[in-house]
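Trainee: sharing a model that was predicted from the sequence below.
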Amino acid sequence: MEEMKEHEGEKRIRNSVVIKAISEERVSIMESRAVDEDEFQGLYEDGAILEPLYNPEQLTRLSENSDILQQCIDAYKTNIVGFGVDFDYDIDADKQSEAAQAILDKEWSRYENFFKYCSLDESYTEIMKKVVDDRERIGWGILEVVEDAAGRPAGLEHIPAHKVRLCKRERKAIPVTMEIPDDEGNMIEITIMKKFRKFIQIVDNQKVYFKEFGDPRILNCRTGLYEESTPAEDRASSVMFFNIYCPYTPYGLPRYIGQLLNIQGNRKAEELNYTYFMDGRHMPMAIIVENGKLTDQSIENISGAKGDKARHKYLILEAEGAEKELSIGDENEKSKVNIRFEKLAEMLEKDGLFQEYCKNNRDKIRSAFRLHPIYTGESQDYTRATADTARQVTEEQVFQPEREDIAFTFNNSLKRELGIRQVSMKFVAPAISDKAEIAAAVTPYVQAGAATPNMLIDALGDLLGKSFEPFEGDWANKPMQLLMKE
């Protein structure tokens with residue numbers, strides 16, 4: 001117990017700076033909506049519900065105060081899941097018998113239809129965009145799997161992740177049966193032991209429980225207890241959990257968490273620049289009157305000498321001299337008035353303050369996502385070759401691995417629940433290859449006669465933007481040089 005208290009104390013000290021950066025009271029030009037207290041406050045004490053390191057509600061709204069964070073999040077959700085989905089056979093379908101091909105075609109249609117009709121309100125792509133958006137904002141995303149009367153997956157729904165909390169992982173492992181192919185390609189059943197956890201959401205001050213997808217037990221969504229006698233209307237649905245791995249919290253953390261101070265620093269700099277226009281010094285010159293004072297009419301003329309009304313007009317100033325304390329002769333003798341103008345232009349700010357600081361911070365925040373400026377709309381002086389290289393590197397190092405990780409979650413669990421064995425889902429990647437480069441690369445093989453007609457089908461489809469079926473017959477798989485001789 002003493003060690004746990006000491007660990008908790010160290011954690012609070014370690015995170016105090018960044019927590020203060022997102023939760024301290026501050027005066028803002030555009031006042032943010034008041035962030036409510038954590039709805040789960042008071043439920044963390046017994047340890048059954050795990051407390052996140054940072055307030056998810058505050059992390060969700062952090063992009064309101066950043067000029068770069070939302071662009072990075074949009075780039076992720078667009079490039080990871082925004083191009084739609086496709087499907088592949090896990091085996092070579094062309095080498096299978098007609099009966100086997102018919103089974104594969106049914107599996108393909110079943111899997112494809114699930115994603116096509118997983119929701120009546122929005123497409124699967126839009127649902128996954130919201131999940132990725134949540135994950136990049138707060139570190140995790142939640143996807144609800146809606147089941148039919150038979151208990152099989154029938155649809156998908158997005159759940160706002162900042163409204164969901166994790167329960168402690170159970171100590172007791174549950175046997176789970178699954179099918180895998182053996183060395184000869186035949187499907188065999190195996191049983192593994194897995195520890196599951198529950199999820200909890202508060203809706204209208206009512207707690208709602210969810211079970212982890214793949215958990216074969218029946219969970220009561222109102223009580224959070226596993227009960228076989230739970231009525232159908234109270235049975236909890238399952239959720240799929242997507243997080244950015246962090247070794248010291250099961251929730252995960254967003255990529256930008258190390259840049260919180262830079263995000264808040266940029267906001268302060270922008271507020272300072274905006275306040276300058278409202279309260280800063282903008283007078284280009286000072287009118288200095290010596291030994292007297294301007295008349296009321298002259299002061300009014302100066303105040304109105306601005307804008308279009310003062311264009312190409314003369315400004316006439318009248319001043320009254322101050323009465324001398326001692327005079328000889330004329331009692332009304334006044335001192336000689338002198339009016340001069342003092343330029344203040346050199347004292348004015350030439351441009352916004354902390355511009356270089358803001359630019360460096362934007363680069364740091366973007367680097368946390370490992371994004372090139374072209375993905376956030378900041379490409380101005382990049383050549384086509386530079387932009388293409390940046391896109392290719394980012395695609396290989398960032399987006400494609402993320403697509404494969406998310407697709408694996410579906411293919412490893414959802415596919416099994418749907419009874420699909422040999423068809424897998426994948427997210428579509430953007431076409432980055434240059435058509436001219438493809439043509440230049442293929443030309444030597446065509447001229448040498450080494451390419452077969454079927455080899456060129458895919459390349460031709462890429463060039464024309466169409467999809468072609470392979471040619472049938474043995475001739476289509478022979479090199480062009482041999483076909484010309486025949």
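Mentor: Cool, got the structure.
Trainee: now the closest residue to residue 162 other than its chain neighbours: how far from residue 297?
Mentor: Spatially, and ignoring its direct neighbours in sequence, residue 162 is nearest to residue 56 (3.7 Å; C-beta to C-beta, 6 or more residues apart in numbering). Where C-beta positions appear, they are placed from N, C-alpha and C, glycine not excepted. Residue 56 sits 63 Å away from residue 297, going by C-beta to C-beta, to the nearest Å.
Trainee: then residue 179?
Mentor: Relative to residue 297, and taking C-beta to C-beta, residue 179 is found at 96 Å.
Trainee: show the contacting residues for the residue most central in space within the chain.
Mentor: For the chain, the residue nearest the mean C-alpha position is residue 73 (2.2 Å; C-alpha atoms, centre = their mean). Counting by C-beta atoms under 8 Å, 6 or more residues apart in numbering, residue 73 makes contact with 63, 133, 136, 137.
Trainee: next structured bit after the helix or strand hosting it?
Mentor: Using DSSP states H and E, the element containing residue 73 is helix 69-81. Where DSSP H and E defines the elements, the next helix or strand beyond helix 69-81 is strand 85-89.
Trainee: only the buried residues of the helix holding residue 73, if you could.
Mentor: Residues of helix 69-81 classed as buried: 69, 70, 71, 72, 73, 74, 75, 76, 77, 79, 80, 81 (neighbour count, 16 or more other C-beta atoms under 10 Å).
Trainee: which residues are contacting stretch 173-193?
Mentor: 91, 194, 195, 196, 214, 215, 216, 217, 416, 421.
Trainee: make a markdown table out of these and add distance to residue 399, secondary structure and neighbour count.
Mentor: Below are the contacts of stretch 173-193 laid out as a markdown table (distance: C-beta to C-beta, whole Å; DSSP: H, G, I helix; E, B strand; the rest coil; neighbours: other C-beta atoms under 10 Å):
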| residue | distance to residue 399 | secondary structure | neighbour count |
| --- | --- | --- | --- |
| 91 | 27 | coil | 15 |
| 194 | 30 | strand | 14 |
| 195 | 32 | coil | 11 |
| 196 | 31 | coil | 20 |
| 214 | 27 | coil | 18 |
| 215 | 31 | coil | 19 |
| 216 | 34 | coil | 12 |
| 217 | 37 | coil | 11 |
| 416 | 26 | helix | 16 |
| 421 | 28 | coil | 16 |
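Trainee: just the closest of these to residue 248, please.
Mentor: Proximity of those to residue 248 (C-beta to C-beta) peaks at residue 195, which lies at 19.0 Å.
Trainee: I'd say the closest one and residue 171 touch.
Mentor: Yes: between residue 195 and residue 171 there is a contact at 7.2 Å, judged by C-beta atoms under 8 Å.
Trainee: residue 190 and residue 416, how far apart?
Mentor: Separation of residue 190 from residue 416 (C-beta to C-beta): 12 Å.
Trainee: actually residue 51, not the one I wrote
Mentor: Going from residue 51 to residue 416 by C-beta to C-beta gives 33 Å.
Trainee: got any ranges where the stretch 151-300 of the chain has weak pLDDT?
Mentor: Counting by pLDDT under 70, the stretch 151-300 of the chain contains low-confidence ranges at 280-283.
Trainee: can you pull out the strands in it?
Mentor: 153-159, 164-166, 174-181, 187-194, 198-203, 206-212, 238-243, 285-290, 292-294 (DSSP state E, counting those that start in this stretch).
Trainee: nearest to residue 111 among those would be which one?
Mentor: The nearest among the strands of the stretch 151-300 of the chain, by C-beta to C-beta, is strand 153-159 at 11.1 Å.
Trainee: could you report the neighbour count for residue 249?
Mentor: Neighbour count for residue 249, taken as other C-beta atoms under 10 Å: 18.
Trainee: same question for residue 198.
Mentor: 23.
Trainee: what bridges to the nearest residue to it once chain neighbours are set aside?
Mentor: Take residue 198 and drop its neighbours on the chain: the residue closest to it by C-beta to C-beta, 6+ apart is residue 167, 4.1 Å away. Beta bridges link residue 167 to residue 49, judged by DSSP bridges.
Trainee: pull the contacting residues for residue 167.
Mentor: By C-beta under 8 Å, 6+ apart, the contact set of residue 167 is 48, 49, 50, 197, 198, 199, 200, 224.
Trainee: farthest pair within these?
Mentor: Across the contacts of residue 167, the longest distance by C-beta to C-beta is 14.3 Å; it joins 50 and 224.
Trainee: quick one: buried residues of stretch 376-394?
Mentor: 376, 378, 388, 390, 391, 394.
Trainee: over to stretch 408-417?
Mentor: Buried, per 16+ other C-beta under 10 Å, within stretch 408-417: 410, 411, 413, 414, 415, 416, 417.
Trainee: what's the average pLDDT for it?
Mentor: When pLDDT is averaged along stretch 408-417, the result is 92.
Trainee: count of neighbours near residue 65?
Mentor: The local packing of residue 65 (other C-beta under 10 Å) involves 19 other residues.
Trainee: now do residue 165
Mentor: Neighbourhood size, residue 165 [other C-beta under 10 Å]: 23.
Trainee: what's the answer for residue 455, then?
Mentor: 18.
Trainee: how close does it get to residue 473?
Mentor: Look at residue 455 and residue 473: by C-beta to C-beta, they are 15 Å apart.
Trainee: go on, residue 187?
Mentor: Residue 187 sits at a distance of 34 Å from residue 473 (criterion: C-beta to C-beta).
Trainee: residue 259: which of the buried residues of helix 69-81 is nearest?
Mentor: Once C-beta to C-beta is applied, the member of the buried residues of helix 69-81 that ends up nearest residue 259 is residue 69, at 8.7 Å.
Trainee: contacts only, for the residue lying closest to that closest one once chain neighbours are set aside.
Mentor: In space, residue 69 comes closest to residue 63 once its chain neighbours are excluded; the distance is 4.5 Å by C-beta to C-beta, 6+ apart. Shown in contact with residue 63 (C-beta under 8 Å, 6+ apart): 69, 70, 73, 137.
Trainee: tell me if residue 63 really is in a helix.
Mentor: Yes: assessed with DSSP: H, G, I helix; E, B strand; the rest coil, residue 63 lies in a helix.
Trainee: could I get the full set of helices for this protein?
Mentor: Assigned by DSSP state H, the chain shows helices spanning 2-23, 56-60, 69-81, 98-116, 124-138, 260-279, 296-304, 355-368, 384-394, 400-409, 415-417, 435-448, 455-464, 480-485.
Trainee: with distance to residue 286 as added columns, please give these in JSON lines.
Mentor: Below are the helices of the chain laid out as JSON lines (distance: least, C-beta to C-beta, whole Å):
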{"stretch": "helix 2-23", "distance to residue 286": "41"}
{"stretch": "helix 56-60", "distance to residue 286": "46"}
{"stretch": "helix 69-81", "distance to residue 286": "43"}
{"stretch": "helix 98-116", "distance to residue 286": "71"}
{"stretch": "helix 124-138", "distance to residue 286": "50"}
{"stretch": "helix 260-279", "distance to residue 286": "19"}
{"stretch": "helix 296-304", "distance to residue 286": "11"}
{"stretch": "helix 355-368", "distance to residue 286": "28"}
{"stretch": "helix 384-394", "distance to residue 286": "50"}
{"stretch": "helix 400-409", "distance to residue 286": "60"}
{"stretch": "helix 415-417", "distance to residue 286": "77"}
{"stretch": "helix 435-448", "distance to residue 286": "64"}
{"stretch": "helix 455-464", "distance to residue 286": "69"}
{"stretch": "helix 480-485", "distance to residue 286": "86"}
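Trainee: how about these, which one is nearest residue 210?
Mentor: Across those, residue 210 has its closest neighbour in helix 124-138 (14.7 Å, C-beta to C-beta).
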